[in-house]
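> model this:
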Amino acid sequence: MEILLQKSSISSSKIEIELPYSKSISNRLLVAQALSGNKFNLKGISNADDAKVLSKALASESKELNLGMAGTAYRFLTAYFSIIGGERFLEGHERMYERPIGILVDVLRSMGADISYIKKEGYPPLKINGKQLNGGRINLMGNVSSQFISALLLISPYLEEGIQLKIEGELVSAPYVDMTIQLMQKMNADVKKKDGRIHVLPGFYSARDAIIIERDWSSAAFFYAYVALGGNSILLKGLYLDSIQGDALCAWLFAKLGVSTQNAAEGLLIQLDANFELPKELEIDLTDCPDLIPAFIICASQKVQHLKVFGVKTLRIKESDRVQALKIELKKLGVEMIEIDENTISVIGGMNAVRTLEVNVYNDHRMAMAFAPLCQRVEKVIIKNAEVVSKSFPNFWEEFSKTAHLKKTIS
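Numbering: from 1, shown residues only. Predicted coordinates for the structure are as follows:
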């Protein structure tokens with residue numbers, strides 16, 4: 001499917017956007033719910049492909065499970081099926097086989113897990129024979145994926161000794177680990193941080209009332225970018241600053257590009273501050289919120305002369321190599337992106353001179369959504385393989401059509 005986007009000529013004082021429910025929260029709660037034997041209810045489960053894949057796999061009795069591009073589901077299920085009796089083969093999309101999982105597998109094996117690689121050592125696909133695991137004192141590197149840590153924490157109440165987890169080195173996407181801990185505590189797991197370790201006692205998950213899932217802050221970034229590039233004011237319905245999601249940093253981040261955020265009765269009102277004085281240069285560390293990076297970089301490239309971003313290392317092992325993908329696609333606008341080192345990039349921005357921009361999205365949902373707001377600055381923006389947004393935000397094009405002229409072509 002191909003999408004053609006053009007700036008809307010309709011003036012509106014306020015556009016109302018329905019964001020999806022948080023995929024990150026949904027995925028963690030779905031695993032906990034399955035471990036509990038479905039002893040509590042969830043309200044507002046994400047309808048994103050990733051959450052659907054995870055939910056279906058948790059309910060399946062099949063030995064062979066194809067998880068497609070669902071990276072979070074793959075990591076969480078690797079840990080989950082290592083303690084659930086029975087043999088499982090976890091398969092996926094070819095890109096999944098390029099995303100390392102060795103660190104998680106090594107730690108699970110150290111606790112007694114029976115996991116073997118079907119193809120390349122350290123990478124999916126996997127064969128897992130589930131059984132009771134010990135737990136105990138575990139050390140885990142924190143500089144590859146916070147999902148490895150969350151995967152271990154989620155199963156830890158069901159380990160014989162619980163877990164005492166020490167995270168070594170720099171922890172990337174730390175707010176996602178904090179989110180996991182807060183959700184576990186909400187479900188009555190005994191989780192504490194002390195002596196440099198995360199301690200989880202043996203127990204089980206339970207909740208007296210249905211757990212209500214928040215709207216997704218990661219998805220808000222694309223509408224912040226739209227406003228930053230001169231779009232109308234937007235009401236993000238059901239979204240609030242008081243959130244357990246680390247990507248609530250989005251409000252602070254786009255304030256640096258002149259977007260103000262105000263609490264409203266039904267959510268958050270975001271609008272461009274006409275009196276805001278843009279800096280010529282920005283230097284920022286986004287290690288804690290890598291999912292916000294594509295939308296911010298693309299938007300900032302049209303607003304500031306020079307942008308330096310730290311914390312891009314994990315972008316290289318997402319659905320695409322997002323660093324390389326951004327570099328290629330931004331070049332079409334005359335924007336230069338320089339890789340300073342593995343974790344740092346420099347972006348030399350400027351007003352584009354192209355009238356039509358054709359964007360390849362590399363089978364990556366966030367790439368597709370991150371380029372959409374450029375229709376505020378480019379006469380025609382064409383997004384190829386636009387259907388990939390279903391991975392995290394199935395209704396994205398329907399919602400974005402409230403902000404722009406949109407034409408869909410089925411190819």
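
> after the strand or helix carrying A220 comes which helix or strand?
In the assignment (DSSP states H and E), A220 maps to helix 217-228. Per DSSP H and E, helix 217-228 leads on to strand 234-237 as the next helix or strand towards the C-terminus.

> Show me what that next one is packed against.
strand 15-18, helix 217-228, strand 267-272 (3 or more CB pairs under 8 Å, 6 or more residues apart in numbering; DSSP states H and E). (C-beta placed from N, C-alpha, C; glycine too.)

> Pop the domain breakdown of this structure in here.
2-20+216-409, 23-211 (automatic domain parsing).

> Reformat those as CSV; add mean pLDDT and mean neighbour count.
What follows is the domains of the chain, written out as CSV (pLDDT from 0 to 100; neighbours: other CB atoms under 10 Å):
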stretch, mean pLDDT, mean neighbour count
domain 2-20+216-409, 94, 19
domain 23-211, 94, 19
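
> Break down the stretch 51-200 of the chain into its strands, ranges please.
64-66, 86-91, 114-117, 126-130, 136-141, 163-168, 191-194, 197-200 (DSSP state E, counting those that start in this stretch).

> Residues touching the fifth one, excluding its own?
When you say that, I think you mean strand 136-141. Strand 136-141 has contacts (CB atoms under 8 Å, 6 or more residues apart in numbering) with 103, 107, 110-111, 148-149, 152, 159, 161, 163-169, 197.

> how far is that strand from where the chain is centred?
Put simply, strand 136-141 sits 25 Å off its chain's centre (CA atoms, centre = their mean, to the nearest Å).

> How about the last one?
Between the centre of strand 197-200 and the centre of its chain there are 25 Å (CA atoms, centre = their mean).

> Following the chain past that strand, name the next helix or strand.
Criterion used, DSSP H and E; the element after strand 197-200 is strand 211-212.

> For that following strand, which strands pair with it and how are they oriented?
In the sheet, strand 211-212 lines up against strand 42-43 (parallel) (DSSP bridges).

> for this protein, which residue is closest to the average position?
Closest to where the C-alpha atoms of the chain average out (CA atoms, centre = their mean) is D291, at 5.1 Å.

> Next up, the contacts around the residue nearest to that residue when sequence neighbours are not counted.
Counting by CB to CB, 6 or more residues apart in numbering, S218 is the residue found nearest to D291 once chain neighbours are left out, at 4.6 Å. Neighbouring residues of S218 by CB under 8 Å, 6+ apart: 22-24, 245, 247, 250, 291-292, 392.

> Could you dump those into TSV and include secondary structure and distance to E319?
Supplementary listing: the contacts of S218 in TSV, determined by DSSP: H, G, I helix; E, B strand; the rest coil; distance: CB to CB, whole Å:
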residue	secondary structure	distance to E319
S22	coil	18
K23	helix	13
S24	helix	15
Q245	coil	20
D247	helix	17
C250	helix	20
D291	helix	11
L292	helix	15
S392	coil	10
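
> Okay, the closest residue to G258 other than its chain neighbours and V177: tell me how far apart.
Once flanking residues are discounted, G258 sits nearest to F276: 3.6 Å by CB to CB, 6+ apart. For F276, the distance to V177 (CB to CB, to the nearest Å) stands at 33 Å.

> coming back round to it: any chance of TSV for the strands of the stretch 51-200 of the chain, columns distance to V309?
Below are the strands of the stretch 51-200 of the chain laid out as TSV (distance: least, CB to CB, whole Å):
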stretch	distance to V309
strand 64-66	35
strand 86-91	33
strand 114-117	34
strand 126-130	33
strand 136-141	23
strand 163-168	23
strand 191-194	29
strand 197-200	29
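
> Out of the ones you listed, which gets nearest to A265?
Closest approach to A265 among the strands of the stretch 51-200 of the chain is made by strand 191-194 (34.3 Å; CB to CB).

> Neighbouring strands - and their directions - for the closest one?
As assigned by DSSP bridges, strand 191-194 forms pairs with strand 197-200 (antiparallel).

> Quick one: residues in contact with the strand it pairs with.
137, 153, 156-157, 162-167, 181, 184, 189-193.

> ok, now with 7 Å
153, 156-157, 162-166, 181, 189-192 (CB atoms under 7 Å, 6 or more residues apart in numbering).

> Take those and write them to TSV, including distance to P373.
What follows is the contacts of strand 197-200, written out as TSV (distance: CB to CB, whole Å):
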residue	distance to P373
L153	35
S156	40
P157	42
G162	45
I163	42
Q164	45
L165	39
K166	41
I181	33
A189	39
D190	44
V191	38
K192	42
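
> Of the residues you listed, which is the nearest to H405?
In terms of CB to CB, no member of the contacts of strand 197-200 lies closer to H405 than I181, at 44.1 Å.

> Skipping its backbone neighbours, what lies nearest the closest one in space?
V191 (5.3 Å).

> A300 now?
Per CB to CB, 6+ apart, closest to A300 is L307, 4.9 Å.

> got a list of what that neighbour touches?
L307 touches 282, 297, 300-301, 347, 349, counting by CB under 7 Å, 6+ apart.

> Nothing else from me, thank you.
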